[in-house]
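A.B. asks: A structural model of the following input is requested.
(4 chains)
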2 protein chains.
Amino acid sequence: MTSTAPTAATPEDLLRGVGLRVTAPRVAALRAVGDSQHATADDVLSSVRAELGTVSVQAVYDVLHALTDADLLRRIEPAGHPARYERRTGDNHHHVVCRECGAIGDVDCSVGHAPCLTPSDDRGFVVETAEVTYWGLCPDCSA
Amino acid sequence: MTSTAPTAATPEDLLRGVGLRVTAPRVAALRAVGDSQHATADDVLSSVRAELGTVSVQAVYDVLHALTDADLLRRIEPAGHPARYERRTGDNHHHVVCRECGAIGDVDCSVGHAPCLTPSDDRGFVVETAEVTYWGLCPDCSA
DNA sequence: GACCTCAACTGGAATCATTCCAGTTTACGG
DNA sequence: CCGTAAACTGGAATGATTCCAGTTGAGGTC
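C.D. replies: Model prediction:
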């Protein structure tokens, strides 16, 4: 039982919706990320293998890339920790990352309307996105 | 020797100031990072070797860690790119990172007083720092 | 100014997430 | 039901960084 959002679309529908072929690894991966918040590629690999049997490492990376490119998943890459994936896309929310174990929590943009979104001086860069990361210790590790 | 203004501290003074032994690799690394803004470990390795001859890879990583721990350097770790180091520490300024080449620019905190510094909901995490990264294309790569 | 000790350095092997490659399978439009 | 591009397989390679065991040297002590 997943989040009963207005978009209660099945993985199959989601894939078709963005014009991607419906394959077992993709369906399984999409479900795996939905079930466990902020799963790593390795987590996804385990889940998918548990469900389907033999699936190559490469397949999972391919799938995660395809889904990320199609905006069905969002990739989070905290410095010093393997990348993690989540289903919440589109809303620009941020993350708290545990320095110890790499655990991640979602944080909605506090000031309401994307605060730091425009740099004071863009240094000639064409800025596309702003990303806020909070670093600290998760409940478990701060014991 | 000439005891100059406190702001114009030599690498040697900086090292002694934080209680670190003064060694050739450290002095050279400190200078290398100061000269080229946002140098990678590899950049530093090259500079240090150009100055001193043979220096081990490990020595440079050790040095960069020691200097970062002592707050003489700040480490920036942009997702998908090797870590970079800078001399500006203490002030919480942020960075623009080029998606293409990994080039980095400094950005002072726009809204003046650390805007997103407190998450709306800390999820039980003990939050220590907030980090803002702007992603885009540098002047060269946006051509 | 020689001595001692632990921090710092050497060099080579190992790690880990991720990607590259060449060949095989499969979804799905025609 | 067929053909083809897109997906997947499995194994080797990459690249930044770290681990390890042994050697060197900075700087306090006498």
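A.B. asks: Can I take it that A:Asp43 is in a helix?
C.D. replies: Yes - applying DSSP: H, G, I helix; E, B strand; the rest coil, one finds A:Asp43 inside a helix.
A.B. asks: Phi first, then psi, for the residue lying closest to it once chain neighbours are set aside.
C.D. replies: Spatial nearest neighbour of A:Asp43, chain neighbours left out: A:Ser36 (6.1 Å); criterion: CB to CB, 6 or more residues apart in numbering or on different chains. All C-beta atoms are positioned from the backbone trio N, CA, C, and that covers glycine. With angles defined as degrees, to the nearest 10, A:Ser36 sits at phi -100, psi 120.
A.B. asks: Note down every partner strand of the biggest strand by length in chain A and its orientation.
C.D. replies: Secondary structure of chain A read by DSSP state E shows that its longest strand is strand A:126-137. When pairs are called by DSSP bridges, strand A:126-137 turns out to pair with strand A:94-98 (parallel), strand B:126-137 (antiparallel).
A.B. asks: and the worst-scoring helix or strand of chain A on mean pLDDT, which residues are buried?
C.D. replies: Using mean pLDDT, DSSP states H and E, the weakest-scoring helix or strand in chain A turns out to be strand A:126-137, at a mean of 89. Buried residues in strand A:126-137, counted by 16 or more other CB atoms under 10 Å in any protein chain shown: A:Val127, A:Ala130, A:Glu131, A:Val132, A:Thr133, A:Tyr134, A:Trp135, A:Gly136, A:Leu137.
A.B. asks: And for stretch A:81-100?
C.D. replies: A:His81, A:Ala83, A:Arg84, A:Tyr85, A:Glu86, A:Arg87, A:His94, A:His95, A:Val96, A:Val97, A:Cys98, A:Arg99.
A.B. asks: farthest pair in these?
C.D. replies: A:Arg87 and A:Arg99 (24.9 Å; CB to CB).
A.B. asks: Report the secondary structure state of A:Asp122.
C.D. replies: A:Asp122 ends up coil, using three-state DSSP.
A.B. asks: Any idea what A:Glu86 is bridged to?
C.D. replies: What pairs with A:Glu86, by the bridge criterion (DSSP bridges), is A:Arg74.
A.B. asks: ok now do it, which residues does it touch?
C.D. replies: Taking CB atoms under 8 Å, 6 or more residues apart in numbering or on different chains as the criterion, A:Glu86 is in contact with A:Val33, A:Gln37, A:His38, A:Leu73, A:Arg74, A:Ile76, A:Asp106.
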